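1. After the sequence you'll find the predicted model.
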Amino acid sequence: MSFFKKLFGGKEETKTEEILVAPITGKIVPLEEVPDPVFAQKMMGDGIAIEPTEGTVVSPVNGEIVQFFPTKHAIGIKSETGVEVLIHVGLETVGMKGEGFEGLVEVGDKVKVGTPLLTFNIDLINEKAKSIITPVILTNGDIIDTVTKHAVKTTTKGETALIDWNIKA
């Protein structure tokens, strides 16, 4: 219980701002440079992309797993502020039908920043899919008031701050 709640009573303020940390260790790729128009033209929402240097995805926010594709190539997390984050490992990886991917969580699981979500085989994705570049998308941007992307070139999963946002009141 916060000091103000004890002092003044009433309910806790709803969380309105949040930071997304890197879900993957690798190199930042501007979303506009992702070789897939759905992501590059922000049709699914704004965000960033990472070219992974290792094959583990961790949760970039505290929240709940709301979607996990049967092919294990993409996962959706609803953050504490209600922002939905989609992590799509590689491009055109759905055709791999889950080969090279291992899920570590299930829909409904509560996760914290750094919770391992899935693992993937970078070499296999490079061989069988269009690209290993992994978009990280804020899919319900209509609830977001402001988004600030951090100027970083490389990421460490569970540590590097990438995006801050405030949701609309």
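-> Yep, it's here. Numbers count the residues shown, from 1 in each chain.

2. Now do the contacts for residue 57.
-> Counting by CB atoms under 8 Å, 6 or more residues apart in numbering, residue 57 touches 23, 24, 75, 87, 89, 116, 117, 118, 119, 120, 134, 157. Every residue, glycine included, has its C-beta placed from N, CA and C.

3. can you rerun that using 10 Å?
-> With contact taken as CB atoms under 10 Å, 6 or more residues apart in numbering, residue 57 is in contact with 22-25, 50, 72, 75, 87, 89, 101, 103-105, 115-120, 134, 136, 157.

4. And for residue 150?
-> Residues near residue 150 by CB under 10 Å, 6+ apart: 19, 20, 21, 22, 28, 48, 160, 161, 162, 163, 164.

5. where does the chain dip in pLDDT?
-> Residue ranges of the chain with pLDDT under 70: 1-13.

6. switch the cut-off to 80
-> Scanning the chain for pLDDT under 80 picks out the ranges 1-14.

7. which residues of it fall in helices?
-> Taking DSSP state H to define them, one finds helices in the chain at 3-8, 37-40, 122-128.

8. about what we covered before: buried among the contacts of residue 57? Need that as a selection in PyMOL.
-> With 16 or more other CB atoms under 10 Å as the criterion, this PyMOL line picks the buried residues out of the contacts of residue 57:
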select buried, resi 22+23+24+25+50+72+75+87+89+101+103+104+105+115+117+118+119+120+134+136+157
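
9. one step back: just the buried ones from the contacts of residue 150?
-> Neighbour counting with 16+ other CB under 10 Å marks 20, 21, 22, 28, 48, 160, 162, 163 as buried within the contacts of residue 150.

10. Just the ones of those residues in strands?
-> Mapping these onto strands (DSSP state E) picks out 20, 21, 28, 48, 162, 163.

11. and these as TSV, adding distance to residue 83?
-> Listed next are those as TSV, based on distance: CB to CB, whole Å:
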residue	distance to residue 83
20	8
21	14
28	20
48	14
162	13
163	10
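
12. Just grab the bridge partners of residue 50 for me.
-> Note on residue 50: beta-bridge partners residue 28, residue 134, judged by DSSP bridges.

13. My guess is it contacts residue 20. True?
-> No: taking CB atoms under 10 Å as the definition, residue 50 is not a contact partner of residue 20, at 11.6 Å.
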